[in-house]
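Chemist: Okay, predicted coordinates and the sequence, questions at the end:
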Amino acid sequence: MHEPQFIHRAKEAGVSTPTIFMVDMADATIVMEFVEGKQIKQVLNDIEEEQRIRLCRQIGNLIGQLHSQGIIHGDLTTSNMILTPHGKIVFVDFGLSEISKDLEVKGVDLHLMKRALQSTHYKHAKECFKAVMEGYTEVTGDNVAKSVFEKIREIEKRGRYISGR
C-alpha cells in the first residue's frame, strides 16, 4: 500500500493533501481526512475567466512542486483536485503515483491533465492548459518546462493519440 507514502511525500513537497489518520495493512484500509470543498471539475467551467486562469496557474505550480521532488501523480485530472471553501487546492487519489525524474513520465502526467481539460472543460481547455504550464514553469524553470512541453507534443504525435484512429 503505497498511497499513504505518496500523500506524505506530496505534503513534504508543499502540496496540500488529506491528512492520514490510520493505515491498516491487514485490512488494506486507509483512514484519512474528509476534505471539505468541491472537485475542480465541478467549478472550473462556472467561474470567471480571471479566476479560472489563476486557479489553473496554481494547479501548474502544485504539479511543478510534485515533479520537482520526483513525484508523479499518475492520475492528474480535475476530479482529483478539491477546491476548499478557503480557496486551497488539495490533491487526492495518489493510488497510481510513482517516483521518477524521467521526462517521459512527467510528460505523460501533464498530457493526462491536458486530456482531462479537453474532455471535461473543452470550452476553456486551451487557456486552462496554457495557465497550468505557466504555473509549472514558475516552479520548474524555463528549461525543464520547455523539455516537458516538447515531450507532451511528442506524446501527442504518437499513433494512439492521433484523432481519427
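Modeler: Arrived safely.
Chemist: Need phi/psi at the residue of the chain most remote from its centre.
Modeler: Distance from the centre of the chain peaks at Ala26, with 30.0 Å (Cα atoms, centre = their mean). For Ala26, the backbone dihedrals (degrees, to the nearest 10) come out as phi -60, psi -40.
Chemist: Ok, Val31 next?
Modeler: phi -110, psi 120.
Chemist: Around it, how many other residues sit close by?
Modeler: 10 (other Cβ atoms under 10 Å). C-beta coordinates here come from the backbone N, C-alpha and C atoms, glycine included.
Chemist: for Lys106, same thing?
Modeler: 25.
Chemist: Which secondary structure state is assigned to it?
Modeler: Secondary structure assignment for Lys106 (DSSP: H, G, I helix; E, B strand; the rest coil): helix.
Chemist: Enumerate every residue touching it.
Modeler: His67, Ile72, Ser100, Val148, Lys151 (Cβ atoms under 8 Å, 6 or more residues apart in numbering).
Chemist: Ok, Ile47 next?
Modeler: Ile47 makes contacts with Leu55, as judged by Cβ under 8 Å, 6+ apart.
Chemist: quick one: average confidence on stretch 103-112?
Modeler: What stretch 103-112 shows for mean pLDDT is 97.
Chemist: tally of neighbours for the nearest residue to Val92 once chain neighbours are set aside?
Modeler: Closest residue in space to Val92, ignoring its immediate chain neighbours: Asn80 at 5.3 Å, by Cβ to Cβ, 6 or more residues apart in numbering. Here the count is done by other Cβ under 10 Å, and Asn80 has 21 residues near it.
Chemist: Kindly report the same for Ser119.
Modeler: Neighbour tally, Ser119, other Cβ under 10 Å: 11.
Chemist: Any figure for the gap between it and Val43?
Modeler: Using Cβ to Cβ, to the nearest Å, one obtains 16 Å as the distance from Ser119 to Val43.
Chemist: quick one: the helices in the chain?
Modeler: Along the chain, the segments classed as helices by DSSP state H run 3-12, 40-43, 49-68, 103-120, 125-140, 142-157.
Chemist: list the buried ones in stretch 64-82?
Modeler: 64-68, 71-78, 80-82 (16 or more other Cβ atoms under 10 Å).
Chemist: From what I see, the residue nearest to Val92 and Gly95 are in contact.
Modeler: No: using Cβ atoms under 8 Å, Asn80 makes no contact with Gly95, being 9.7 Å away.
Chemist: Between those two, which contacts overlap?
Modeler: By Cβ under 8 Å, 6+ apart, no residue touches both Asn80 and Gly95.
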